[in-house]
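*Asks:* 3D model of this:
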Amino acid sequence: MANLSGFVKRLRDIMRNDAGINGDAQRLEQIAWLLFLKVYDAKEQDWEFEEDDYVSIIPEACRWSTWAHDPTGKGLTGDALLDFVNNTLFPTLKRLPVDAATPIRKAIVQSTFSDANNYMKDGVLLRQVVSVIDELDLSDYEESHAFGEIYETILKELQSAGSAGEFYTPRAVTDFMARMIRPRIGETMADFACGTGGFLTSWLKELEKNVETTGDREAFGSSIYGIEKKQFPYMLCITNMLLHGVDVPRVYHDNSLLKDVLDYTEDDAFDVVLMNPPYGGSEKAEVKNHFPADLASSETADLFMSVIMYRLKQGGRAAVILPDGFLFGTDNAKLNIKKKLLSEFNLHTVVRMPGSVFSPYTSITTNILFFDRTGPTKETWFYRLDMPEGYKHFSKTKPMKLEHFDPVAEWWNERKPLNVDGFDKARCYTAEELSVDLGYNLDQCGFPHEEEEILDPLDLIHRYQEERASLNAEIDRVLAEITEKLGGVSL
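*Replies:* Just a heads-up that it's a prediction; the model follows:
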């Protein structure tokens, strides 16, 4: 395909004329399921070549190479194509026979299509879209690799700020976290809300540097584990993994918060967890029942922190993105989660990130917590990553880049306190200082606010709710102390 860079634009231009497609979300979802089938078909051709007894789970008539590939120009089009897609292809793929014994690489077809939709109503335009996608030569290594990069840009376009803090984690951030966690062959890595697979991809990219033998290559593909509860990002993630050479993607369409955390055993644990948990969202009330009472929070990010702590192996490592509200929050659940984190895990580093890293999706400031399961925390280093020179804030046109993390990467191995203009930029606190003196307030080495921060209304409400909960918890604590000093008299 001559012009990969114009790939998305070509598809967009065709779809704009279709009355069935309403806006970018539907347009991109349409591209997504077609791309999945094209990529899966390329994989199946490899599997058929490598395995004499390979049998596709997709009936012959519904395989991409049968109905979509059209070298002669005489393939299905118009009403006949629409009829086939709506009344044969989709019903067939949604009802593929899948059970516990079905291999993952086959079961993913049914789970990918379980909630997918065909929005196009013009069969001639649909044929044009199919033909553009079919031009991709995924058997050619160079083109397949180039398309993997193009897919990254497609994923960026697909993201939109959700009410539950669901947005694209910038590749610079996921790459930095994977680099600092230092993947090793034979380790397993998990993301319990994996979205389109950004952390999984960054992990694989970093791990690939260590692949030397055939055994290493086998361990490479089986090293990842992801769960995503929303159908659309799940479909994109599966396609992403296939494009990145993972033939058996251990990625599941499920909700990580719907299992009792106390039921997890060592078999459910992982060597590494890399995550940006959704935050600001709310789960059904019964979700709290899956957590011990002292950790049961109404904030999704808090719940995911508990899942991570219960599913990290002894000796395991984690890097997790959390909003400021987690650092300063003193409501009961947050306090207990932080107590557990410091007493059972080694929280060795907190990187404070600039406020507009996730622009334009949210203006809430976020942080990366690095911890491992090697014993209780003795000391925690905080490092404030300032805006790079020449940037007032990040944006879609000026996003964060991996080199913007160079200052913290250089500081990482030879840590020392830093102070700029009278404000701590890097400082080490003992576990006792954090717990006793600061009351588990991890909001240290923050950004000096020279001018008032203007947040998006929803972010402002979320921030206010976090601060109000912390204030209420502090008032309750002080009242309890006064009550005790008065000999238990109720106030």
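
*Asks:* and the strands in the stretch 101-250 of the chain?
*Replies:* Listed in chain order, the strands of the stretch 101-250 of the chain (DSSP state E, counting those that start in this stretch) span 189-191, 224-228.

*Asks:* for those strands, which one sits closest to residue 8?
*Replies:* Minimum separation from residue 8 across the strands of the stretch 101-250 of the chain (CB to CB) falls at strand 224-228, 22.5 Å. All C-beta spots, glycine's among them, are computed from the backbone N, C-alpha and C.

*Asks:* adjacent strands (with direction) for that closest one?
*Replies:* Strand pairing for strand 224-228, using DSSP bridges, gives strand 189-191 (parallel), strand 251-253 (parallel).

*Asks:* give me the contact list for the last one.
*Replies:* Just to be clear, that refers to strand 251-253. The contact list for strand 251-253, computed with CB atoms under 8 Å, 6 or more residues apart in numbering, reads 108, 111, 114, 194, 197, 200, 224-229, 231, 234, 237-238, 241.

*Asks:* pLDDT weak spots in the stretch 301-450 of the chain?
*Replies:* Applying pLDDT under 70 to the stretch 301-450 of the chain flags the ranges 360-361, 449-450.

*Asks:* just the helices in it please.
*Replies:* For the stretch 301-450 of the chain, applying DSSP state H, counting those that start in this stretch gives helices covering 324-328, 332-344, 406-412, 431-432.

*Asks:* so of these, which one's packed in deepest?
*Replies:* helix 324-328 (a mean of 22; mean count of other CB atoms under 10 Å).

*Asks:* distance of the spatially most central residue of the chain relative to residue 378?
*Replies:* Residue closest to the mean C-alpha point of the chain, counted by CA atoms, centre = their mean, is residue 194 at 3.6 Å. The gap separating residue 194 from residue 378 is 32 Å, by CB to CB, to the nearest Å.

*Asks:* circling back: as a markdown table, the strands of the stretch 101-250 of the chain with mean pLDDT and mean neighbour count would be great.
*Replies:* Formatted as a markdown table, the strands of the stretch 101-250 of the chain follow (pLDDT from 0 to 100; neighbours: other CB atoms under 10 Å):
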| stretch | mean pLDDT | mean neighbour count |
| --- | --- | --- |
| strand 189-191 | 97 | 28 |
| strand 224-228 | 95 | 23 |
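
*Asks:* so can I have JSON lines of the ones you listed showing distance to residue 151?
*Replies:* Converted to JSON lines, these look like this (distance: least, CB to CB, whole Å):
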{"stretch": "strand 189-191", "distance to residue 151": "18"}
{"stretch": "strand 224-228", "distance to residue 151": "16"}
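
*Asks:* just so I know, which of these lies nearest residue 69?
*Replies:* Taking CB to CB, strand 224-228 is the member of these nearest to residue 69, at 29.5 Å.

*Asks:* quick one: the closest one to chain centroid distance?
*Replies:* Here strand 224-228 is found 9 Å from its chain centre; the criterion is CA atoms, centre = their mean, to the nearest Å.

*Asks:* could I have the CA atoms of that strand written out in PDB?
*Replies:* Extracted in PDB, the C-alpha atoms of strand 224-228 (Å, rounded to 0.1, in the frame of the first residue of the first chain):
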ATOM      1  CA  ILE A 224       1.000 -10.300  29.000                       C
ATOM      2  CA  TYR A 225      -2.400 -10.400  30.700                       C
ATOM      3  CA  GLY A 226      -5.200  -7.800  30.300                       C
ATOM      4  CA  ILE A 227      -8.800  -7.300  31.200                       C
ATOM      5  CA  GLU A 228     -11.100  -4.700  29.700                       C
END
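
*Asks:* what's next to it, contact-wise?
*Replies:* If you take CB under 8 Å, 6+ apart as the criterion, strand 224-228 is touched by 188-195, 197, 200, 203-204, 234, 237, 241, 246, 249-256, 270.

*Asks:* buried members of these into ChimeraX, please.
*Replies:* Filtering the contacts of strand 224-228 down to the buried ones (16 or more other CB atoms under 10 Å) takes a single ChimeraX command:
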select :188,189,190,191,192,193,194,195,197,200,203,204,234,237,241,246,249,250,251,252,253,255,256,270
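
*Asks:* mind checking which of the contacts of strand 224-228 are in helices?
*Replies:* Among those, the ones falling in helices (DSSP state H) are 200, 203, 204, 234, 237, 241.

*Asks:* nearest spatial neighbour of the first one, skipping sequence neighbours?
*Replies:* Right, residue 200. residue 224 (4.8 Å; CB to CB, 6 or more residues apart in numbering).

*Asks:* in the sheet, which residues pair with the one you found? Tell me.
*Replies:* residue 189.

*Asks:* from residue 38, how far out is it?
*Replies:* Taken as CB to CB, the span from residue 224 to residue 38 is 22 Å.

*Asks:* do residue 329 as well
*Replies:* Distance from residue 329 to residue 38, counting by CB to CB: 46 Å.

*Asks:* please save the CA atoms from stretch 62-71 in PDB.
*Replies:* Only the C-alpha atoms of stretch 62-71 are listed here, as PDB (Å, rounded to 0.1, in the frame of the first residue of the first chain):
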ATOM      1  CA  CYS A  62     -17.300 -15.500   6.600                       C
ATOM      2  CA  ARG A  63     -13.500 -15.300   6.400                       C
ATOM      3  CA  TRP A  64     -12.100 -12.000   5.100                       C
ATOM      4  CA  SER A  65     -10.200 -13.700   2.300                       C
ATOM      5  CA  THR A  66     -13.500 -15.100   1.000                       C
ATOM      6  CA  TRP A  67     -16.000 -12.200   1.100                       C
ATOM      7  CA  ALA A  68     -13.800  -9.100   1.400                       C
ATOM      8  CA  HIS A  69     -10.700  -9.800  -0.700                       C
ATOM      9  CA  ASP A  70     -11.700  -8.900  -4.200                       C
ATOM     10  CA  PRO A  71      -8.700  -9.000  -6.700                       C
END
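
*Asks:* that one: how far from the chain's middle?
*Replies:* That offset, for stretch 62-71, works out to 32 Å (CA atoms, centre = their mean).

*Asks:* for that stretch, which positions count as buried?
*Replies:* 62, 63, 64, 67, 68.
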